[in-house]
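J.: Have a look; sequence and predicted model below, questions after that.
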Amino acid sequence: MNKPASHYRDGARARRRRGRRGWGCLAAVLLLLVATWNRPTFALDTRKAITQYIQTVWTSEDGLPQNSVRAIIQTRDGYLWLATEEGLARFDGVRFTVFDKGNTGEIKHNNVSALYEDNEGGLWIGTDGGLIRLKDGKFTAYTTKDGLSSDIVWAIHQDKEGSLW
């Protein structure tokens with residue numbers, strides 16, 4: 001079946017429009033990259049050589065429960081919290097305090113995967129044994145018995161309404 005010449009002309013016109021649209025998108029992305037490229041970063045002082053910075057490595061020999069750290073968060077009180085395969089560690093800048101199933105009854109499994117501080121200052125801890133909240137020095141555990149869909153928690157997020165996911 002032969003198609004009229006207008007069919008081919010219209011198809012070519014549509015291809016040209018799609019091509020222009022594609023170039024427009026590419027131009028927008030490039031413009032965005034250029035606009036953000038020149039922004040200064042504040043992580044390092046450019047006047048210092050890299051050798052002028054100090055790096056300290058903390059390991060299990062220094063009190064960390066295990067050397068594989070899965071998550072880190074600094075809470076409002078200034079502590080650094082580290083999630084490891086062998087428990088939760090709180091670091092005050094000098095020493096580690098370890099919380100695990102051996103010394104904290106609410107922790108049923110040492111494998112900690114996620115950390116999150118909520119809007120009220122509570123620290124949420126995701127483990128292979130459920131979800132734990134630390135608020136005002138008190139640990140509270142939540143599991144599938146309390147309504148969780150799984151006892152394995154890999155990530156925690158709070159939405160605008162305050163609900164945890």
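T.: Done, it's in. This structure is a prediction, so every number in the text was calculated from the model and none was measured.
J.: ok, residues contacting stretch 143-154?
T.: 108-109, 113-114, 126-131, 142 (C-beta atoms under 8 Å, 6 or more residues apart in numbering). Where you see a C-beta, it was placed from the backbone N, CA and C, and this is true even at glycine.
J.: Mark which of those are buried, thanks.
T.: Buried subset of the contacts of stretch 143-154 (neighbour count, 16 or more other C-beta atoms under 10 Å): 113-114, 126-131, 142.
J.: sorry, back to before: would you mind giving the contacts of stretch 143-154 as CSV with distance to residue 149 added?
T.: Output for those, formatted as CSV (distance: C-beta to C-beta, whole Å):
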residue, distance to residue 149
108, 17
109, 17
113, 15
114, 15
126, 13
127, 15
128, 14
129, 15
130, 11
131, 11
142, 11
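J.: quick one: which of these sit in helices?
T.: Counting by DSSP state H, none of the members of the contacts of stretch 143-154 fall within helices.
J.: Would you state the helices of the protein in chain order?
T.: Using DSSP H, helices in the chain cover 5-37.
J.: so where is it shaky, pLDDT-wise?
T.: 1-43 (pLDDT under 70).
J.: at 50 instead, please
T.: Where the chain drops to pLDDT under 50, the residues are 8, 41.
J.: Just the strands from it, written as ranges.
T.: For the chain, the strands defined by DSSP state E occupy 69-74, 80-84, 87-91, 96-99, 112-117, 123-127, 130-135, 138-142.
J.: so the closest residue to residue 105 other than its chain neighbours bridges to which residues?
T.: Leaving aside its chain neighbours, residue 105 sits nearest to residue 139 (7.7 Å; criterion: C-beta to C-beta, 6 or more residues apart in numbering). Under DSSP bridges, the beta-bridge partners of residue 139 are residue 134.
J.: what residues are up against residue 139?
T.: 99, 104-107, 132-133.
J.: Quick check: the farthest pair among those residues?
T.: Greatest spatial distance among the contacts of residue 139 (C-beta to C-beta): 105 and 133, at 14.1 Å.
J.: Those two: which is more packed in?
T.: Under the criterion of other C-beta atoms under 10 Å, the comparison of residue 105 against residue 133 puts residue 133 first, with 18 against 9.
J.: isn't the more buried one right next to residue 121, touching?
T.: No. Using C-beta atoms under 8 Å, residue 133 is not in contact with residue 121; the gap is 10.8 Å.
J.: Pipe the strands of the chain into CSV and attach distance to residue 153 per row.
T.: Converted to CSV, these look like this (distance: least, C-beta to C-beta, whole Å):
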stretch, distance to residue 153
strand 69-74, 11
strand 80-84, 11
strand 87-91, 13
strand 96-99, 16
strand 112-117, 6
strand 123-127, 3
strand 130-135, 5
strand 138-142, 9
